[in-house]
Structures are given as structure tokens and as C-alpha cells.
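> Compute the structure for the input listed below.
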Amino acid sequence: MKFLFTLLIILSTLSCFVKSQFINFVPYQDYQCSSNPYGFGYSISTTQHCIYNLGNGPLSTPFSYSASFGYMANETYIYMNIYNYSDTACQTPVSEFSMLNNSCSSITYLPRPFNGTVVGSDYQYSLVFVSNEPVYATNSIIFSQYQEPDFGVCSNNDLLFSTTISNGLKVVNGEYSSSYLCNNHMPYINNCIDRVNCKLSNVSISCNQAGNINNQVNYC
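This is a model prediction of the structure:
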């Protein structure tokens with residue numbers, strides 16, 4: 001009994017030191033990922049087996065996702081599985097994708113975090129890689145989704161995923177448009193109808209902000 005109790009203490013202590021790892025999708029407009037980063041991207045925790053509605057997008061029936069990585073022939077591969085929205089336990093994937101770590105890949109399988117098309121961007125690629133910390137493209141708005149944070153502190157161990165949208169990116173959907181802006185390290189969205197009737201909104205949210213029941217953090 002004493003041995004079992006000691007073992008439980010050791011395992012509990014070790015679990016405190018287990019850190020999340022992240023699959024990063026840094027956006028680019030060219031197939032070599034050599035230009036300046038631009039577009040929308042993600043950083044996804046590998047410790048979360050099933051992430052519902054990656055990107056908190058506008059789809060009425062969003063999918064669930066899981067991200068992982070493994071090794072084959074001395075190479076690191078990244079895996080993304082997609083599940084029907086009703087498969088809340090992520091048991092039966094409807095699509096499976098794999099890519100080489102540190103590769104420039106097409107990301108047509110990733111959900112868009114907005115409705116519409118990106119102005120001046122016909123196609124997007126991402127530099128995909130694994131890291132111990134989430135990695136974001138510079139000059140971007142960061143929309144982070146956490147689990148229930150411990151003691152009101154949003155740490156990377158609680159992070160489910162982050163969505164990045166480049167400063168200045170504009171999305172058009174019919175008569176509606178949205179521009180994502182960073183100003184003095186504060187995130188804004190400028191929503192317009194017919195290009196003239198516009199409303200600029202500060203969308204910053206802090207971890208312990210009153211009323212932040214969805215555990216989201218938005219910043220530049």
C-alpha cells in the first residue's frame with residue numbers, strides 16, 4: 001500500500017511537468033513559404049484529443065479536429081484528422097491528412113475562421129511544424145481558445161488552439177466586408193456594408209476579464 005501511494009505521488013508530480021506541444025500553421029501566399037507571412041493560421045495543442053469547431057468559425061455544423069505527430073523512417077510527420085460535428089469524442093475520422101514536419105503545405109482542409117474570401121489572396125499555404133510553444137506570425141491578431149484556466153491564469157497547458165489573422169487582412173462576402181486590424185497592440189475588426197456603412201469594434205479580451213465565460217483571449 002505504501003509503495004502504491006508513493007507511486008501515485010510520483011506520477012502526479014510528473015504530470016505537473018508534462019507540457020503541451022503544438023502543431024503550427026503559419027500562413028503564406030506562395031508554395032515555398034518564402035514571402036512575408038500573410039493570411040490565417042493556427043497553433044493547435046496536441047494534448048487535446050478532440051477539438052470542436054477549430055477556429056470558432058461561422059459554420060452551422062462545424063467539424064471536430066485532432067492534431068498529432070509521429071515518426072517514420074527518421075522523419076517527423078504531422079497528422080490532422082477531421083470528424084463530423086456529431087462525433088464529439090472524435091472516434092471515426094471522415095478525413096485524414098499527413099504532412100512532413102517543417103514543410104510548406106496546402107491547407108485546404110483547415111476551416112476558415114470567417115465567412116467570405118480574402119481580398120488579394122487566391123490560395124494559401126502554411127509552414128507546418130511542431131514546437132513546444134505556440135508560434136504565431138508577426139503582426140497578427142491572435143484569437144486564443146482555452147480550457148477552464150487554473151486560478152484564472154491562461155497558460156499554454158490550458159490552450160486548446162489559437163487562430164491568427166494577419167493585420168490588414170480583408171474578407172469580402174457579398175455586400176459585407178470585414179477588415180482585421182492591429183492598432184497600438186489592440187485588435188479591431190472593421191465591419192462594413194456596401195463599403196460605406198462601417199463599424200470599428202475593439203475585440204480584445206483578457207483571460208480574467210469579467211464576463212469572459214468562453215475562456216477566450218484576443219490580442220495583437
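> just the helices in the chain please.
Remark: helices assigned in the chain by DSSP state H are 2-15.
> low-scoring stretches of it, by residue?
Scanning the chain with the threshold set as pLDDT under 70 gives 1-19, 58-61, 149-152, 209-213.
> same thing but 50
Filtered on pLDDT under 50, the chain yields the residue ranges 1-18.
> For Asn132, the count of nearby residues, please.
Number of residues near Asn132 (other CB atoms under 10 Å) recorded here: 10. Backbone N, C-alpha and C define where each C-beta goes, glycine included.
> That one contacts Asn24, correct?
No - between Asn132 and Asn24 there is no contact, the gap being 10.8 Å when judged by CB atoms under 8 Å.
> Any idea how many residues pack against the residue nearest to Asn53 when sequence neighbours are not counted?
Nearest residue to Asn53, sequence neighbours excluded (CB to CB, 6 or more residues apart in numbering): Pro62, at 3.8 Å. Using other CB under 10 Å, Pro62 has 16 neighbouring residues.
> go on, Gly174?
Gly174 is flanked by 9 other residues according to other CB under 10 Å.
> residues in contact with the residue nearest to it when sequence neighbours are not counted?
Excluding its sequence neighbours, the residue lying closest to Gly174 (CB to CB, 6+ apart) is Gly116, at 7.9 Å. By CB atoms under 8 Å, 6 or more residues apart in numbering, the contact set of Gly116 is 171-174, 176-178.
> just to revisit the earlier point, double-check the residue nearest to Asn53 against Ile51; I have them as touching.
No - the criterion here is CB under 8 Å, and Pro62 misses it with Ile51 at 10.3 Å.
> Kindly state the beta-bridge partners for Phe22.
Ser45, Ser131 (DSSP bridges).
> So it versus Phe129, what's the distance?
Distance of Phe22 to Phe129, computed by CB to CB, to the nearest Å: 9 Å.
> which neighbours do the two share?
Shared contacts of Phe22 and Phe129, defined by CB under 8 Å, 6+ apart, are found at Val135.
> Restricting to C-alpha, output stretch 20-37 in CSV.
Only the C-alpha atoms of stretch 20-37 are listed here, as CSV (Å, rounded to 0.1, in the frame of the first residue of the first chain):
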residue,chain,number,x,y,z
SER,A,20,1.7,20.7,-24.3
GLN,A,21,3.2,20.6,-27.7
PHE,A,22,1.7,22.4,-30.7
ILE,A,23,1.2,21.9,-34.4
ASN,A,24,1.7,25.3,-36.0
PHE,A,25,0.3,26.5,-39.4
VAL,A,26,2.0,29.8,-40.3
PRO,A,27,0.3,31.3,-43.3
TYR,A,28,2.0,32.2,-46.6
GLN,A,29,0.8,33.1,-50.1
ASP,A,30,3.5,31.2,-52.0
TYR,A,31,4.1,27.4,-52.3
GLN,A,32,7.6,27.8,-50.9
CYS,A,33,6.5,29.7,-47.8
SER,A,34,9.3,32.2,-48.5
SER,A,35,7.4,35.5,-48.7
ASN,A,36,6.2,37.5,-45.7
PRO,A,37,3.6,35.6,-43.7
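> Leu160 and Pro134, how far apart?
Note on Leu160: its distance to Pro134, by CB to CB, is 11 Å.
> More neighbours: these two, which one.
More crowded of Leu160 and Pro134, by other CB under 10 Å: Pro134, with 21 against 17.
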